[in-house]
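Make a model of this:
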Amino acid sequence: MASPARADRCDDTAAQLANAIDGLKVNFKAANIIYLTHPAASEFSLGCRGKDYAVELYAKGDRRLKPEFLNLVGQAAAVIFTLPKDDTTTGTSRCLKRMGLLRGNKITMRYRRLDLECTRSRTDAAIVVRRGLDQ
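Numbering: from 1, shown residues only. The predicted structure is shown next:
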């Protein structure tokens with residue numbers, strides 16, 4: 001007997017994101033990255049199972065951080081990593097807001113077993129949220 005066709009777990013996560021967040025649309029999948037669109041982010045994607053991580057969220061927005069962008073990243077991280085939204089919003093906004101004159105344009109930190117990496121250029125700010133395979 002043939003086993004039933006099973007959708008990729010990453011596709012399931014992308015569908016959950018689209019259902020949970022207003023204005024979020026699933027664009028297309030290339031290799032192991034699902035590209036998403038949302039008005040608050042200039043780039044938004046979900047990376048699926050790489051060599052060193054299980055799932056990765058990448059978001060890029062305006063350098064001047066808007067509350068909508070911080071909220072979007074926090075909400076998406078909460079859905080992907082099944083953590084309370086307050087925790088993920090606190091961690092992601094803390095990482096993004098630490099960038100500046102004193103600490104520089106690249107911040108890496110850990111918060112609630114998530115690895116956060118924030119970078120910024122002259123025009124935009126980006127964040128990568130991932131959880132290692134060993135966690």
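
contacts, neighbours, all on C-alpha from now
Fine.

Now do the SS call for the spatially most central residue of the chain.
Most central in the chain under C-alpha atoms, centre = their mean is Leu57, positioned 2.6 Å from the mean C-alpha point. Here Leu57 is recorded as strand under DSSP: H, G, I helix; E, B strand; the rest coil.

Isn't it up against Ser45?
Yes. Assessed by C-alpha atoms under 8 Å, Leu57 is found in contact with Ser45 at 6.1 Å.

how close does Pro39 get to Glu68?
Distance of Pro39 to Glu68, given as C-alpha to C-alpha, to the nearest Å: 9 Å.

re earlier: contacting residues around the residue nearest to the centre of the chain?
44-47, 76-77, 127-130 (C-alpha atoms under 8 Å, 6 or more residues apart in numbering).

now, among those, which is nearest to Leu102?
The shortest gap between Leu102 and any of these belongs to Ile127, at 18.6 Å (C-alpha to C-alpha).

Which of the helices or strands spans that closest one?
Taking DSSP states H and E as the criterion, Ile127 maps to strand 124-132.

Parallel or antiparallel, list what pairs with that strand.
Neighbouring strands of strand 124-132 in its sheet, by DSSP bridges, are strand 53-62 (antiparallel), strand 114-120 (antiparallel).

Could you list the buried residues of the shortest one?
By that I understand strand 114-120. If you call a residue buried by 16 or more other C-alpha atoms under 10 Å, then strand 114-120 has these buried ones: 114-120.

Contacts for that strand next, please.
Contacts of strand 114-120 (C-alpha under 8 Å, 6+ apart): 63, 92, 95-96, 99, 105-110, 125-132.

Can you tell me which of the residues you listed are buried?
Among the contacts of strand 114-120, the ones that count as buried by 16+ other C-alpha under 10 Å are 92, 95-96, 99, 105-107, 125-132.
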